[in-house]
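Student: fold the following.
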Amino acid sequence: MFMESEERREIFFTERLLNELYVMNVGYEKCLPSHSFGPQIREYYVLHYVLSGKGQFRARDATYHLQAGNFFLIAPNDVYAVYEADAQEPWEYVWIGFQGERAAAVVKELGFHDRAQVGTLQDRSEAESYIHALITDNLVRQHSMLRVQGDFFRMLSYFRIDQPIRQIAYNPSSPKHYVDLFIAHVRTSYGNPELTVNSIARQIGIHPTYLTQLTGTELQQTSLQYLTNYRMVRGKFLLEHTDYTVEKVAHAVGYTNPLSFARAFKRLFGVAPGFYSKRHRHSD
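Tutor: As a prediction, the model looks like this:
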């Protein structure tokens, strides 16, 4: 599911100005040939825009061959979306994760629905100026969240169907900020088998022990418990809503060893994932 990229950057936003619609994260990736991602379920919308190169996006009922100027949207809990860079001309793309109480209504207004997830940007030059602003590290340091959110709203309006990598250096004002960043990393990257408490702590610039102390205070569980439980809940969703094998579900939530996934699943839910899957399908 995860392959190394030639270049990748990602920025997380933990501040919210509006609950109705807000940006969660933005990222950029210059993919290696045949770089692929998915299936991976998320709790939020992710909009990808192709800057250059080629690739394909596989949805529930179709496969789309995309190139520069095309975009595709992945909805929350989409268990079918898979995308892969071309073997000869791998794509370069940006993505924007967003959610909110009005997110579904905004997406619908833009023309997206279950069978309309792909489009072509009509005014590339103007829209790309906002895209480049969003993925520039200096934006977070030089402008307020109001500016970031405003650029996001303006940029999003162009995407209509009908027509380092390094973590940003933050200056958190409270321990809760670190916990918010930890949660953001888990929610966006839990399917990466290399994601660990240590790797997240390293990304956000604190010691793993201190991170565990903070999550214990804020979340009433250790960092490892939160990461594991989140992966199990996402795995449970896949077992309930797809016909994926336990092995495939394990890989989708970040486990290279299906037996490790099965043991963790049974500890949390009291039943083996294979039995849970059969029982759920039988009840359906």
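
Student: any idea of the pLDDT on the most centrally placed residue in the chain?
Tutor: Centroid-nearest residue in the chain, with C-alpha atoms, centre = their mean: Thr188, separated by 3.9 Å. Predicted confidence (pLDDT) at Thr188: the value is 90.

Student: for whatever helix or strand Ile183 lives in, name the packing helices and strands.
Tutor: Per DSSP states H and E: Ile183 is located in helix 175-189. Counting contacts by 3 or more C-beta pairs under 8 Å, 6 or more residues apart in numbering; DSSP states H and E, helix 175-189 packs against strand 7-12, strand 22-30, helix 197-204, helix 208-219, helix 223-241. C-beta: built from backbone N, CA, C; applies to glycine.

Student: return the most buried member of these.
Tutor: strand 22-30 (a mean of 22; mean count of other C-beta atoms under 10 Å).

Student: can you list contacts of that one?
Tutor: Contacts to strand 22-30, defined as C-beta atoms under 8 Å, 6 or more residues apart in numbering, come from residues 5-13, 16, 35, 44, 90, 92-100, 134-135, 148-149, 152, 184, 188.

Student: could you give me the PyMOL selection string for whichever of these are buried?
Tutor: Buried residues among the contacts of strand 22-30 (16 or more other C-beta atoms under 10 Å), as a PyMOL selection:
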select buried, resi 5+9+10+11+12+13+35+44+90+92+93+94+95+96+97+98+99+100+134+135+148+149+152+184+188
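
Student: domain-wise, how is the protein divided?
Tutor: 7-156, 172-284 (automatic domain parsing).

Student: hey, least reliable of the ones you listed by pLDDT?
Tutor: Taking the mean pLDDT of the domains of the chain, domain 7-156 comes last: a mean of 84.

Student: relative to Gly119, how far out is the spatially closest residue to Tyr244 that is not a sequence neighbour?
Tutor: Nearest non-adjacent residue to Tyr244, counting by C-beta to C-beta, 6 or more residues apart in numbering: Leu238, 5.7 Å away. The spacing between Leu238 and Gly119, counted by C-beta to C-beta, to the nearest Å, is 27 Å.
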